[in-house]
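**Student:** Next one to model:
(one chain, ligands or ions: 2)
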Amino acid sequence: MLKILSARQIKSLEESYLEEKGILSLELMETAAEAFCQWYMQNFSRRQDIAIFCGTGNNGGDGIAIARLLSRQGYPVCVYTLGDAKDGTADYNSNLNILPTNIVNKPFSNIDWERFRCHVIIDAMLGIGLNKPLEGKYLDAVKKLNSQKTMRIAVDMPTGLPSDKLVDGEAFQAHYTVTFQTPKLSALFPEHAAYVGDLVVKDIGIDGKYFNGYESSRYFVEEKDILERHKIFHKASHKGDFGKVLLVGGSKGKLGAIMLSAKAALRTGSGLISTFVPGFGLPIMQSSIHEVMVETCTGNDILDSAPENLDRFDTIAIGPGMGTDEKTAEALKNILESYKGKMVIDADALNIIAKRKDLKELITSQMILTPHLKEFERMVGDDVKYPEGRIEKALEFSQTYGCVLILKGLHSLITTPAGIQYFNPTGSQFLATGGTGDVLTGVVASYLGQGYSVENAALCGVYHHGLAGQLAGEDQRRGTIASDVIEKIPETYKNLGLS
Ligand SMILES: NC(=O)C1=CN([C@@H]2O[C@H](COP(=O)(O)OP(=O)(O)OC[C@H]3O[C@@H](n4cnc5c(N)ncnc54)[C@H](O)[C@@H]3O)[C@@H](O)[C@H]2O)[C@H](O)CC1
Ligand SMILES: [K+]
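**Tutor:** Residues are numbered from 1 along each chain as shown. Ligands and ions are numbered 1, 2, ... in the order given. Here you go, the predicted model:
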């Protein structure tokens, strides 16, 4: 896990790290530049001309160092500077002094835009030192650079993006942001996706122990955290070990939702899946998914009663395609009151709960709630447009009701009642298609059925779902559908080296 710190905390951490280690800030800048270049050289060829735009702070210093290192490796680079070296930081000037003279180094204001050509733009104008919205030449530069039809890469943070809050005005629009040591909070806001692009986190050697003295309950999940949380099954494991899951939902015209959840749970590794649907769904379910068992409620069209003997199941997920009828709400109440095992609450179950205080009170620590933004807004009855407020609200909700909350979106946020908030690293814009939420419900329910804790099921579920979305998106691009995501779940295990 990477602890997420504020810009102020990062600066202080950096100082104490340098002091304790007895190294110079210039050396840390060199490490950061090397980390950037290592990533760059793995991804881009020497045939692409690079233009590096540098401010005069330490972000600019990184840029100048990057120019020297890439040039030394045979990459064609030009440097363009904003601001005067006399206003530059010591480390900026130290790097400027050793920039080889064969590298073109021009002031930004001297660029002839009619003739300006390059393949890759590297933004090292401003990083975590940003302290006001862009104006003057920084604003001009960002506007000009955003309009170029080239690859754009930001060093540490896109210029103009404040580290801890929502952007005010313009910011550099990167295709990639290569950030150092740990992601900055605002790089994880879905609202900033067009500025951050793909986020790459590069280690610059600041050991985890230096983070201990800084208070933060927000973390960025890494692959190793997921590997650590998975259970290992052995040859003699039988289907009972993989869990008995009940999925409740479906209504006329929305039976597909529960089918997607069921298939996703099967592909995630569940042993036995039962579904509980309205009567009309029985022949449809049976003929389309042969691996699931189907039970029906009393009514034909809507879900109007609860299943018998709920204790037969290791876990229950409820909500996909369920509808919000009065009778359905009563069936939900009945299940919430009588079932004592772990549960996933999604979609229409959330919409019903949002309107019923008495049902909200039935939320327990055994439950994972999986709202998307709109559903969350209904649950809290408040505007959650601003990301800083939304993250706080998620914490408040999870602590008030004692449940794990998965707030879905880019970098889905998992909040636990203990007050820890995890940002998920996997995902893809191609997951933004109907039914992928139902898939997530099936994946998370599957892990609960396999005996994972609510926290681990949420973390592993969101991670694998996002990764499956990425893999499906690589093949199907904008044609990706929820079923493609399900088909990629097994590959996520292969990807992580899991059996
Ligand atoms: N923290 C680390 O672990 C490391 C950070 N590195 C890099 O250093 C930058 C942060 O550098 P800093 O000098 O503190 O700030 P900036 O370069 O982002 O900004 C410089 C300077 O610019 C002024 N300023 C702020 N806002 C504006 C504005 N809107 N318009 C014009 N000028 C503005 C302000 O005075 C700032 O102080 C970090 O992001 C990394 O890239 C290290 O190299 C490695 C370790
Ligand atoms: K930058």
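
**Student:** Which stretches in the stretch 201-350 of the chain count as helices?
**Tutor:** 223-229, 255-268, 281-288, 326-338, 347-355 (DSSP state H, counting those that start in this stretch).

**Student:** how about these, which one is nearest ligand 1?
**Tutor:** With C-beta to the nearest ligand atom as the criterion, ligand 1 lies closest to helix 223-229 of these, at 21.6 Å. Glycine gets a C-beta too; all of them are placed from N, C-alpha and C.

**Student:** For the closest one, name the packing helices and strands.
**Tutor:** Taking 3 or more C-beta pairs under 8 Å, 6 or more residues apart in numbering; DSSP states H and E as contact, the helices and strands that helix 223-229 lies on are helix 454-476.

**Student:** For residue 123, pull up the helix or strand it's in.
**Tutor:** Secondary structure assignment for residue 123, by DSSP states H and E: strand 120-124.

**Student:** and if you look at residue 126?
**Tutor:** Using DSSP H and E, no helix or strand contains residue 126.

**Student:** Just confirm residue 390 is within a helix.
**Tutor:** Yes: checked against DSSP: H, G, I helix; E, B strand; the rest coil, residue 390 lies within a helix.

**Student:** Ignoring the adjacent residues along the chain, who's closest to it?
**Tutor:** Distance criterion C-beta to C-beta, 6 or more residues apart in numbering; nearest residue to residue 390, sequence neighbours excluded, is residue 384 at 4.2 Å.

**Student:** what does this protein put close to ligand 1?
**Tutor:** Near ligand 1, the residues belonging to the chain are 10, 14, 28-29, 32, 55, 57-62, 89, 126-132, 134, 138, 155-157, 180-181, 204 when assessed by C-beta under 6 Å from any ligand atom.

**Student:** Mind checking which of the residues you listed are buried?
**Tutor:** Buried members of the residues of the chain next to ligand 1, scored by 16 or more other C-beta atoms under 10 Å, are 10, 14, 28-29, 32, 55, 57-62, 89, 126-130, 134, 138, 155-157, 180-181, 204.

**Student:** which of those come close to ligand 2?
**Tutor:** By C-beta under 5 Å from the ion, the members of these lying near ligand 2 are 59, 127, 155.

**Student:** For the last one, list each beta-bridge partner.
**Tutor:** According to DSSP bridges, the residues that bridge with residue 155 are residue 178.

**Student:** which ones are touching it?
**Tutor:** The contact partners of residue 155, by C-beta atoms under 8 Å, 6 or more residues apart in numbering, come to 36, 59, 62, 63, 66, 122, 123, 124, 127, 178.

**Student:** Sort out which one of those residues lies nearest ligand 1 for me.
**Tutor:** Ligand 1 lies nearest to residue 127 out of the contacts of residue 155, by C-beta to the nearest ligand atom, at 2.0 Å.

**Student:** wait, that closest one sits on residue 161?
**Tutor:** No: counting by C-beta atoms under 8 Å, residue 127 sits too far from residue 161 to count as a contact (9.4 Å).

**Student:** Can you flag the buried ones in the contacts of residue 155?
**Tutor:** Buried by 16+ other C-beta under 10 Å: 36, 59, 62, 63, 66, 122, 123, 124, 127, 178, out of these.

**Student:** Make a markdown table from these and add distance to residue 373 and pLDDT to it.
**Tutor:** Output for those, formatted as a markdown table (distance: C-beta to C-beta, whole Å; pLDDT from 0 to 100):
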| residue | distance to residue 373 | pLDDT |
| --- | --- | --- |
| 36 | 33 | 98 |
| 59 | 32 | 98 |
| 62 | 35 | 98 |
| 63 | 36 | 98 |
| 66 | 37 | 98 |
| 122 | 33 | 98 |
| 123 | 29 | 98 |
| 124 | 33 | 98 |
| 127 | 29 | 98 |
| 178 | 28 | 98 |
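
**Student:** Please parse this structure into its domains.
**Tutor:** Here the domain parsing of the chain from automatic domain parsing is 2-216, 226-495.

**Student:** Just say which of those domains is most tucked in.
**Tutor:** domain 226-495 (a mean of 21; mean count of other C-beta atoms under 10 Å).

**Student:** so where does the closest residue to residue 388 other than its chain neighbours fall, helix or strand?
**Tutor:** Distances taken as C-beta to C-beta, 6+ apart put residue 165 closest to residue 388, at 5.8 Å, once the chain neighbours are dropped. Under the criterion of DSSP H and E, residue 165 resides outside all helices and strands.

**Student:** my guess is residue 165 meets residue 192, correct?
**Tutor:** No: under the criterion of C-beta under 8 Å, residue 165 makes no contact with residue 192, lying 10.3 Å away.

**Student:** Common neighbours of those two, please.
**Tutor:** Common neighbours of residue 165 and residue 192, counting by C-beta under 8 Å, 6+ apart, are residue 186.

**Student:** Just the pLDDT for whatever residue of the stretch 201-350 of the chain ends up closest to ligand 2.
**Tutor:** At 13.8 Å from ligand 2, residue 202 is the closest residue in the stretch 201-350 of the chain, using C-beta to the ion. On pLDDT, residue 202 comes in at 98.
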